[in-house]
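J.: Here's my sequence, what's the structure:
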Amino acid sequence: MKNTICLLVLQIAFSSIFLPSTLGDNTLIQTTCNQTPDSNLCTTVLQSDPRSSSATDVQGLASIVVDRLAKDATTTLQLITSLDETNPQYKTCLESYNIVKIDIQVILEGVSKGDPKFAEQSASDVATEADTCGKSIQSLKSDVGDKNKFVHDLALVVVAIVKLLE
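T.: Next comes the predicted model:
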């Protein structure tokens, strides 16, 4: 009986030490993502990054989502670059993603330096440029369409999260 009580006390102590931080991280992610246009995408992106478990505020989550946006935009640009540049539809995408590349740098800087207004506008620009690309290639069958849509949708998530920093 004495061992059972000791185990129970240890379990309660262990739970009170470790459980709140896990719940807090999940609550922060859910609360933040529920304020975005695509809460499922937001949650998936954040939960797939191990840094989110140590994020203590929206600023930390914003950095993670922006890093993912940068990664996926770069991958999409590389794919577009590898395609037939003489095709005017891909050329439009290439032009759009060259602008996206610049906007991503502004977003990264805005979030890291605590200037959300610039980050918000640039994230909105990324979504617009991705939309332009998507419209230009909608009749083509390629991986660019899916990757571009992901960048577009994630950019809108970034806009919403960055607005929370204002």
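J.: Which secondary structure element of the protein has the lowest mean pLDDT?
T.: Every helix and strand of the chain was ranked by mean pLDDT, DSSP states H and E. The lowest is helix 2-33, at a mean of 54.
J.: Would you mind listing the residues in contact with the spatially most central residue of the chain?
T.: By Cα atoms, centre = their mean, the chain has its centre lying nearest to residue 65, at 2.7 Å. Applying Cβ atoms under 8 Å, 6 or more residues apart in numbering, we find residue 65 in contact with 42, 45-46, 154, 157-158, 161. Every residue, glycine included, has its C-beta placed from N, CA and C.
J.: Show residues contacting the helix or strand encompassing residue 90.
T.: In the assignment (DSSP states H and E), residue 90 maps to helix 88-112. If you take Cβ under 8 Å, 6+ apart as the criterion, helix 88-112 is touched by 59, 62-63, 66-67, 69-70, 73-74, 76-77, 80-81, 83-85, 115-120, 122-123, 125-126, 129-130, 132-133, 136-137, 139-140, 144, 148, 151, 158, 162, 165.
J.: Among the residues you listed, name the buried ones.
T.: Neighbour-count burial (16 or more other Cβ atoms under 10 Å) is assigned, among these, to 59, 62-63, 66-67, 69-70, 73, 76-77, 80, 83, 116, 118-120, 122-123, 125-126, 129-130, 132-133, 136-137, 144, 148, 151, 158, 162, 165.
J.: how far is stretch 65-82 from where the chain is centred?
T.: Put simply, stretch 65-82 sits 12 Å off its chain's centre (Cα atoms, centre = their mean, to the nearest Å).
J.: do the same with stretch 134-152
T.: Worked out by Cα atoms, centre = their mean, stretch 134-152 lies 18 Å from the chain centre.
J.: May I have the distance across that stretch, first residue to last?
T.: 9 Å (Cα to Cα, to the nearest Å).
J.: got a list of contacts for it?
T.: Applying Cβ under 8 Å, 6+ apart, the contact partners of stretch 134-152 are 69, 72-73, 75-76, 79-80, 83, 87-90, 92-93, 96, 100, 126-127, 130-131, 133.
J.: circling back to that earlier point, for the helix holding residue 90, buried residues please.
T.: Residues of helix 88-112 classed as buried by neighbour count (16+ other Cβ under 10 Å): 89-90, 92-94, 96-97, 99-100, 103-104, 106-108, 110-111.
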